[in-house]
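# Provided below for reference: sequence and predicted model.
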Amino acid sequence: MKSFTVALFASLVFLGVGCGDSKGPSEPHASTAASAVPESFYLASVDGTPRSVKDVVANAKDGEQVLLTGRAGGNADVFVPGRAAFLIADLSLKDCYDMTDECKQPWDYCCEDPEALKTGTIAVELRNGERVLSSDVRGFHGLDHGHAVTIRGVVKRSAAGSIVLVAETLNVGPGPGN
């Protein structure tokens with residue numbers, strides 16, 4: 001399961017993305033059902049200075065505990081259905097929310113250079129032991145496409161170079177336009 005999730009996110013991040021009318025996730029601000037993720041994953045207040053996604057991707061060591069902040073996004077498929085796993089993008093990356101008429105999925109960051117997405121996004125997993133929780137994380141404290149999120153977790157790097165942040169706790173901030 002662990003290698004499947006890493007492979008899934010690696011393929012999401014490294015596939016080309018683009019604005020368009022592809023068959024994909026539901027609208028970002030459609031009614032989001034509450035998540036069944038346990039409350040023990042909720043970070044009520046952020047103590048410390050979060051690192052950027054880019055910094056963690058470039059510099060964090062395997063097993064290092066980090067606090068980072070970003071936005072839920074970076075691909076058309078941000079959330080993994082039926083799993084507590086999603087992508088976050090660095091705050092410095094340009095999303096496409098100001099292109100509302102042209103971009104059907106502004107959370108995919110199609111306005112951004114694909115190479116920047118490779119170094120500016122990270123997969124996040126909420127786990128019970130070694131297994132990713134079998135619950136949608138979308139909706140946890142309002143988490144949805146484009147929302148800011150601060151996460152305390154442990155970096156896991158594979159021998160092939162993929163990186164996952166195993167979240168211990170997360171705090172959901174405002175969404176696009178807030």
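Cool, got the structure.

# And for Cys110, the neighbour number?
Cys110 has 23 neighbouring residues, counting by other Cβ atoms under 10 Å. To be clear about C-beta, it is placed using only N, CA and C from the backbone, and glycine gets the same treatment.

# Nearest residue to Cys111 in space, please, no chain neighbours.
Of all residues beyond its chain neighbours, the one nearest Cys111 is Cys96 (4.5 Å), with distances taken as Cβ to Cβ, 6 or more residues apart in numbering.

# Identify the residues contacting the one you found.
Taking Cβ atoms under 8 Å, 6 or more residues apart in numbering as the criterion, Cys96 is in contact with 19, 102-103, 105-111.

# is it possible to export these to a markdown table including distance to Val155 and secondary structure?
As requested, those are exported to a markdown table (distance: Cβ to Cβ, whole Å; DSSP: H, G, I helix; E, B strand; the rest coil):
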| residue | distance to Val155 | secondary structure |
| --- | --- | --- |
| Cys19 | 31 | coil |
| Glu102 | 36 | coil |
| Cys103 | 31 | coil |
| Gln105 | 28 | coil |
| Pro106 | 28 | helix |
| Trp107 | 23 | helix |
| Asp108 | 24 | helix |
| Tyr109 | 22 | coil |
| Cys110 | 27 | coil |
| Cys111 | 28 | coil |
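
# sorry, back to before: please report how far the residue nearest to Cys111 lies from Gln105.
From Cys96 across to Gln105, the span is 8 Å (Cβ to Cβ, to the nearest Å).

# quick one: least confident helix or strand in the chain?
helix 2-14 (a mean of 44; mean pLDDT, DSSP states H and E).

# Thanks a lot, catch you later.
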